[in-house]
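Undergrad: model this:
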Amino acid sequence: MVNAKKKLVTLRRLKNILQGVRKKKTVVFTNGCFDIIHAGHVQYLRKAKSLGDILVVGLNSDSSVKMIKGEKRPIVPQRERAEVLSGLGAIDYVVLFNEPTPIKLIQAILPDALVKGADWASHAIVGADVVKQTGGRIARIKLAKGRSTTNIIKKILDLHR
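TA: Got it, this is the predicted structure:
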């Protein structure tokens, strides 16, 4: 297992790391905002890790989250979200990205497995075509029912009404 402080890496560093282990290890990639980490996230990430040897998480930067979730998000800044993810045993590496989708990361690292939640239709998974073209596979993981950051935020807002 990688030291938590060394899990947050740049894309350049990640490519160097993966180049050294590529033939011996299976690389799994997933991505998300992971704004308020909850049990559903932990379960999802454990399942993703079980699909290979190295789990890389592409983490939306603050500006990326704002683009896709709106101006009031994220709740938790990117450095803190990265630190929390780095503390999870299932995750080997965390890499930030600024775009709305992780397509550039996927094209750069060419994972053996690309993982998303089952709420994503197979045809809508960004990078699926790239991964399939290089012999990789796509996995859709069933999400924990009723567990989401949006639901947590709604409950908090309800408490203050």
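Undergrad: can you list the low-confidence ranges for the protein?
TA: For the chain, the stretches with pLDDT under 70 are 1-4, 144, 146-150.
Undergrad: quick one: the strands in the chain, in order.
TA: When assigned using DSSP state E, the strands of the chain occupy the ranges 27-32, 54-60, 93-97, 113-117, 137-141.
Undergrad: wait, which of those strands is closest to Val9?
TA: strand 93-97 (5.4 Å; C-beta to C-beta). Backbone N, C-alpha and C define where each C-beta goes, glycine included.
Undergrad: and the angle from that closest one to strand 54-60?
TA: Between the axes of strand 93-97 and strand 54-60, defined by axes from the mean of the first three to the mean of the last three C-alpha atoms, to 10 degrees, the angle is 30 degrees.
Undergrad: hmm, back to that, so which of the strands of the chain comes closest to Gly87?
TA: Once C-beta to C-beta is applied to the strands of the chain, the stretch that comes out nearest is strand 93-97, at 10.2 Å.
Undergrad: quick check: angle from the closest one to strand 27-32?
TA: For strand 93-97 against strand 27-32, the angle between stretch directions is 50 degrees (the same axes, to 10 degrees).
Undergrad: buried ones in strand 93-97?
TA: With burial defined by 16 or more other C-beta atoms under 10 Å, the residues of strand 93-97 counted as buried are Tyr93, Val94, Val95, Leu96, Phe97.
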